[in-house]
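Engineer: Model the following, please.
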Amino acid sequence: MRQINEQWEQEMEEEQRYWDSKSVDELVKEIEDLYDYEQAPAALSALKQKAPNKALELGADIIRDDRGDQFLQASVFTTLFYRNEQAILQAVEERKAPVEWYLIGAMLPELIFFLQHQQTQASKHALEKIVRSYELSDRKEEIDQSQWRTFLDCYHLSR
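Structural biologist: Modelled structure (predicted):
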């Protein structure tokens, strides 16, 4: 087991070095092209370190424009939400497609923490979009119901 953990850590370090070696332009291209949904979050993380505003712009576009799949969007949300709350919530608000169940599930802990610890208020329109998306979802059972109730209580959106 220890050998497996060491191997995994080594692979993660190699992957991090790979992404760290890329230029901003290369990272932007990787994210814009979205050839590999599994690699895009690592590229976005590296870009966030090198060009945070560009990372935020591209990540918000992914969420707003429903690019990639819900798993990629969840990763983008959790990577960028902290310290970019308003911009990411604006992307959610401007999104035309409903927010899918996995993305809702990834959002909940971040949104709950945000309300409980931040001084600024979240966009009511974005929060209502999340609630409407939940109501439309046929996969509600996949979302942690305790977190869902806490979210509704935090935002005074009881349904």
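
Engineer: pLDDT weak spots in this protein?
Structural biologist: Residue ranges of the chain with pLDDT under 70: 119-120, 157-159.

Engineer: let's see it at 80
Structural biologist: 1-5, 8, 118-122, 155-159 (pLDDT under 80).

Engineer: Grab the most central residue of it for me.
Structural biologist: Phe77 (1.3 Å; Cα atoms, centre = their mean).

Engineer: check which helix or strand covers that residue.
Structural biologist: helix 70-80 (DSSP states H and E).

Engineer: For that helix, which outside residues touch it?
Structural biologist: Helix 70-80 is contacted by residues 34, 37, 40-41, 44-45, 48, 55-56, 59-60, 62-63, 66-68, 88, 100-103, 105-107, 110 when judged by Cβ atoms under 8 Å, 6 or more residues apart in numbering. C-beta here means a position set from N, CA and C on the backbone, and glycine is covered the same way.

Engineer: Put the buried members of those into a ChimeraX selection.
Structural biologist: In ChimeraX, selecting the buried portion of the contacts of helix 70-80, with burial taken from 16 or more other Cβ atoms under 10 Å, looks like this:
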select :34,40,41,44,45,48,55,56,59,60,62,63,66,67,68,88,100,101,102,103,105,106,107
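
Engineer: from the contacts of helix 70-80, which ones fall inside helices?
Structural biologist: Counting by DSSP state H, the contacts of helix 70-80 place 40-41, 44-45, 48, 55-56, 59-60, 62-63, 88, 101-103, 105-107, 110 in helices.

Engineer: how close does the nearest residue to Ser137 once chain neighbours are set aside sit to Asp33?
Structural biologist: Nearest residue to Ser137 in three dimensions, chain neighbours excluded: Trp101, at 4.9 Å (Cβ to Cβ, 6 or more residues apart in numbering). For Trp101, the distance to Asp33 (Cβ to Cβ, to the nearest Å) stands at 26 Å.
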